[in-house]
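**Q** quick one: sequence plus predicted model below, questions after.
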Amino acid sequence: MPLARKLRVVDYFALGWGTMIGAGWLVLMDDWLARGGPAGTMLGFALCGLALLPIAWVYGQLVAAIPDAGAELAYASAVMPPRASFFAGWLMVPAYLVVCPWEAVAIGKILARLFPALNRGTLYSVGGLVVEWPQLVVGLLLIALIALLNHRGISVTARLQNWSSFAILACGAAFVVLAAVRGSSGNLQPLFTHSPWVSIILVLQIAPYFLIGFEAVAKCSEESRVDFRRKNFFRAILLALAVGVLFYLAVIAAASYVYPWRNLGSGGFLTATAFERAFGAKWLANAILAVALVSLVKIFNGNFVAATRLLFALGRAGYVPQALGSLHPRRQTPTAAIVCAALMTAAAVLAGEAVLVPITEIGSAAGAAGWLFACVSFLLMRRKGAGIALVGAAVAVTLLAIKLLPAIPGHFTASEYAIAAAWCVGGALLYRNPAIASAHARPF
């Protein structure tokens with residue numbers, strides 16, 4: 001029984017863009033500007049977006065030839081030994097899955113800003129960071145809601161993704177207009193926090209994590225409508241990446257243009273604070289927080305969809321217990337994979353915010369590993385376009401090196417190396433000989 005075939009071009013754009021854009025533009029803006037200043041941060045995101053264009057092109061070609069929920073798993077399966085192709089899929093799972101507990105935690109933090117009563121009720125602490133039970137309950141309820149919507153069908157999740165994505169785009173445009181009306185170019189000073197190149201490099205170390213998601217289109221490629229034209233996969237991927245980069249550039253410029261960003265201090269929510277002080281309006285800050293809540297649900301949903309499709313594909317191919325590859329008989333959704341992803345997300349949330357920091361770093365490296373597998377698979381399949389794929393592979397290797405090589409600032413900590421190793425070992429223990437190859441491949 002196949003997955004339900006319901007998705008259109010607009011659905012794929014909303015999936016790719018929505019999986020990329022979360023609440024980082026609100027809760028992490030102070031860190032971004034502290035790294036690079038307004039100019040350094042915008043240049044860092046812009047350069048990262050340009051560097052990812054070859055990878056986006058490779059995915060566009062691969063997904064048209066092999067529309068398979070396993071994506072990297074399926075691409076590697078066509079040209080690599082089973083164990084290598086298994087790890088192509090297995091290593092990509094945390095790129096999406098680690099985003100989910102972060103959003104489950106973030107929703108409690110944002111709601112606590114709106115409703116301070118949610119800050120009272122310490123349950124326990126992990127790594128010196130307390131877990132408030134009201135926020136924990138909110139996060140667990142969000143996990144249950146997203147899992148339920150995913151179980152009900154791809155049409156339901158696509159509608160959620162579409163409405164929330166276009167609502168965020170409209171609100172982002174409104175914030176830019178407000179900043180242009182009230183702001184001043186003098187507020188942008190200093191343009192860089194360090195020398196220009198150092199500022200840009202510091203931003204480049206974190207920008208890829210916030211641009212992972214455009215390739216999520218491939219994970220739902222089996223769910224396109226019967227009349228869907230395969231070349232539209234690349235259009236959706238390219239548009240998602242381009243609009244994602246432009247959105248980040250716009251909100252960074254707006255937040256630093258509307259109010260002197262150096263006077264805002266740290267502590268998170270810089271974007272909301274900047275608009276509140278510029279307009280002297282608490283309601284405007286609350287409106288930005290409300291928009292961030294919608295964006296948070298959107299990115300949770302997109303990453304959850306991508307993670308569950310990867311788990312489903314791994315189970316269907318027989319690399320892991322085949323129960324994960326089962327579909328609900330009526331809704332045609334991967335219910336077992338949905339339950340598994342929800343339980344893993346809940347376990348991470350229960351472990352506390354201190355645990356989420358290192359696993360997020362793992363997710364960033366996992367995304368680069370998946371991109372590398374995709375580019376190498378493309379190179380092994382064909383020669384036409386090999387130059388573009390080589391550039392994409394070089395970008396992916398560079399991003400991996402930033403995290404894995406101890407000589408480079410910003411590399412993994414000891415705990416992050418340990419978690420990465422544990423995920424690989426866990427995959428090796430779960431690995432089984434594959435039962436089937438991709439049934440969706442076609443020659444280039």
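**A** Sure thing, it's come through. Residues are numbered from 1 along each chain as shown.

**Q** would you check how far apart residue 152 and residue 333 are?
**A** 7 Å (C-beta to C-beta, to the nearest Å). In this view, the C-beta of every residue, glycine as well, is placed from N, C-alpha and C.

**Q** who's more crowded, those two?
**A** Higher neighbour count among residue 152 and residue 333: residue 333, with 22 against 13, using other C-beta atoms under 10 Å.

**Q** hang on, residue 395 packs against residue 53?
**A** No - under the criterion of C-beta atoms under 8 Å, residue 395 makes no contact with residue 53, lying 9.2 Å away.

**Q** so those two - more neighbours on which side?
**A** Neighbour count, other C-beta under 10 Å: between residue 395 and residue 53, residue 395 has more, with 22 against 17.

**Q** the more buried one: which element?
**A** In this structure, residue 395 sits in helix 386-404 according to DSSP states H and E.

**Q** for that helix, packing partners?
**A** Under the contact definition 3 or more C-beta pairs under 8 Å, 6 or more residues apart in numbering; DSSP states H and E, helix 386-404 sits against helix 29-65, helix 353-381.

**Q** give me the angle between the helix or strand following that helix and helix 386-404.
**A** The helix or strand immediately downstream of helix 386-404 is helix 414-430, counting by DSSP H and E. Angle of helix 414-430 versus helix 386-404, following axes from the mean of the first three to the mean of the last three C-alpha atoms, to 10 degrees, is 120 degrees.

**Q** buried set for helix 414-430?
**A** 416, 417, 419, 420, 423, 427 (16 or more other C-beta atoms under 10 Å).

**Q** which one of those sits closest to residue 161?
**A** Distance to residue 161 across these (C-beta to C-beta) is lowest for residue 423, with 27.3 Å.

**Q** isn't that closest one right next to residue 362, touching?
**A** Yes - counting by C-beta under 8 Å, residue 423 does reach residue 362; the two are 6.8 Å apart.

**Q** low-scoring pLDDT stretches of this protein, where are they?
**A** Along the chain, the model assigns pLDDT under 70 to residues 266-268, 355-358, 409-410, 435-444.

**Q** near the closest residue to residue 372 other than its chain neighbours, how many other residues are there?
**A** Closest residue to residue 372 apart from its sequence neighbours, by C-beta to C-beta, 6 or more residues apart in numbering: residue 396 at 3.8 Å. By other C-beta under 10 Å, 26 other residues sit near residue 396.

**Q** I'd say residue 396 and residue 375 touch.
**A** Yes - between residue 396 and residue 375 there is a contact under C-beta under 8 Å: 6.1 Å.

**Q** which neighbours do those two share?
**A** Common contacts of residue 396 and residue 375, defined by C-beta atoms under 8 Å, 6 or more residues apart in numbering, comprise residue 55.

**Q** tell me the secondary structure of residue 229, please.
**A** coil (DSSP: H, G, I helix; E, B strand; the rest coil).

**Q** phi, psi for it please.
**A** With angles defined as degrees, to the nearest 10, residue 229 sits at phi -90, psi 130.

**Q** and it, how many neighbours?
**A** Residue 229: 11 surrounding residues under other C-beta under 10 Å.

**Q** and what of the one 3 residues further on?
**A** Counted with other C-beta under 10 Å, residues neighbouring residue 232 total 17.

**Q** quick one, what contacts it?
**A** Listed by C-beta under 8 Å, 6+ apart, the contact partners of residue 232 are 9, 12.

**Q** pretty sure it sits in a helix.
**A** Yes - counting by three-state DSSP, residue 232 is found in a helix.

**Q** looking at it, residue 245 is touching residue 210, isn't it?
**A** No - the criterion here is C-beta under 8 Å, and residue 245 misses it with residue 210 at 9.8 Å.

**Q** among those two, which residue is more densely surrounded?
**A** For residue 245 and residue 210, the more surrounded residue by other C-beta under 10 Å is residue 245, and the numbers stand at 24 against 20.

**Q** need the phi and psi values for residue 124.
**A** Dihedral pair for residue 124: phi -170, psi 180, per degrees, to the nearest 10.

**Q** could you look up the SS state of the closest residue to it other than its chain neighbours?
**A** Spatial nearest neighbour of residue 124, excluding adjacent residues (C-beta to C-beta, 6+ apart): residue 131 at 5.5 Å. Classification of residue 131 using three-state DSSP returns strand.

**Q** quick one: residue 70 from residue 414, how far?
**A** Separation of residue 70 from residue 414 (C-beta to C-beta) stands at 32 Å.

**Q** again, but for residue 209
**A** 20 Å.

**Q** what ranges do the helices span in the stretch 101-250 of the chain?
**A** Here the stretch 101-250 of the chain has its helices, by DSSP state H, counting those that start in this stretch, at 133-152, 154-182, 196-204, 207-211, 231-257.

**Q** pretty sure residue 243 is touching residue 16, no?
**A** No - applying C-beta under 8 Å, one finds residue 243 not in contact with residue 16, separated by 9.1 Å.

**Q** the two - which one has more neighbours?
**A** The neighbour comparison of residue 243 against residue 16 (other C-beta under 10 Å) goes to residue 16, with 32 against 18.

**Q** what strand or helix carries that one?
**A** Residue 16 belongs to helix 9-20 when assigned by DSSP H and E.

**Q** from the chain's centre, how far out does that helix sit?
**A** Taking C-alpha atoms, centre = their mean, to the nearest Å, the mean C-alpha location of helix 9-20 is offset from the chain mean by 12 Å.

**Q** tell me the buried residues in that helix?
**A** 9, 11, 12, 13, 14, 15, 16, 17, 18, 19, 20.

**Q** with stretch 209-228 instead?
**A** 209-224, 228.

**Q** now do the contacts for the nearest residue to residue 108 once chain neighbours are set aside.
**A** Spatially, and ignoring its direct neighbours in sequence, residue 108 is nearest to residue 135 (2.8 Å; C-beta to C-beta, 6+ apart). For residue 135, the contacting residues are 105, 108, 109, 111, 112, 118, 119, by C-beta under 8 Å, 6+ apart.
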